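In: generate a structure from the sequence data that follows.
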Amino acid sequence: MTTNETQNETQNETGTSGAAAHVPAPAQRLPMARLAPAFYQAMIAVDRASREGLDPALAELVKVHASMINGCAFCIDMHATDARKNGEQDHRLLSLPAWRETPWFTARERAALALTESVTLLTRGHVPDAVYDEAAAQFEPAELAQLIALITTINAWNRIGVSTRMSPAAK
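Out: Numbering: from 1, shown residues only. Take a look at the predicted model:
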């Protein structure tokens, strides 16, 4: 088959030249906001309260990182979009899974990311004293409490998103 024939066959199958068509996301299992409205509104209020006093850029890094760990596509998309709107750089967002091997996260961000991992992955050893102590060294007690609230809240949202199959809109 020639290159042109291969390109034409690909175009006929996908409707575009050489690019694969988007595969629809699995159907959402149930609409939580409609079926459990009081709970959903309470979660929105908890979410708002959990962010109080925290740097919005740091909060979005934490939300994206927890969402990546939990595999919540909806939350990854939402919070990466919000982070970019606030000036976050793509290379930092894309390197969150390997943040320890990169030079561009501050000591404060590193402490928050380590705490995010420990709280998110509680079954892998709880929150080690070293992780907690590093976060406590970087954040005032009230900030640390808010950070733990934020991590707890995004984990709850991730569980809602994954269990109900919330999906980001195709772009």
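
In: this structure: helices as residue ranges?
Out: For the chain, the helices defined by DSSP state H cover 3-14, 32-35, 37-51, 56-70, 73-85, 90-94, 107-120, 129-138, 141-163.

In: which one, of these, ends up nearest to E101?
Out: E101 lies closest to helix 107-120 among those, at 11.5 Å (CB to CB). In this view, the C-beta of every residue, glycine as well, is placed from N, C-alpha and C.

In: flag every buried residue along that closest one.
Out: Within helix 107-120, the residues that qualify as buried by neighbour count (16 or more other CB atoms under 10 Å) are 108-120.

In: which of those residues lies closest to D133?
Out: Each of the buried residues of helix 107-120 was scored against D133 by CB to CB, and A111 proved nearest at 9.4 Å.

In: can you report how many residues lie near the residue lying closest to L54 once chain neighbours are set aside?
Out: Leaving out its chain neighbours, the residue that sits closest to L54 by CB to CB, 6 or more residues apart in numbering is Q146, at 5.2 Å. Per other CB atoms under 10 Å, the neighbour tally for Q146 reads 19.

In: show me the contacts for Q146.
Out: Contacts for Q146 (CB atoms under 8 Å, 6 or more residues apart in numbering) come out as S50, R51, E52, G53, L54.

In: pick out the shakiest of the helices of the chain, pLDDT-wise.
Out: Note on the helices of the chain: lowest mean pLDDT is at helix 3-14, with a mean of 39.

In: buried deepest among the helices of the chain, which one?
Out: Most buried of those, by mean neighbour count (mean count of other CB atoms under 10 Å): helix 56-70, with a mean of 22.

In: contact partners of that one?
Out: Among residues not part of helix 56-70, those counted as contacts by CB under 8 Å, 6+ apart are 51, 75-76, 79-80, 82-83, 86-88, 92-93, 96-97, 99, 108-109, 112-113, 116-117, 120-121, 147, 150-151, 154-155, 158-159, 162.
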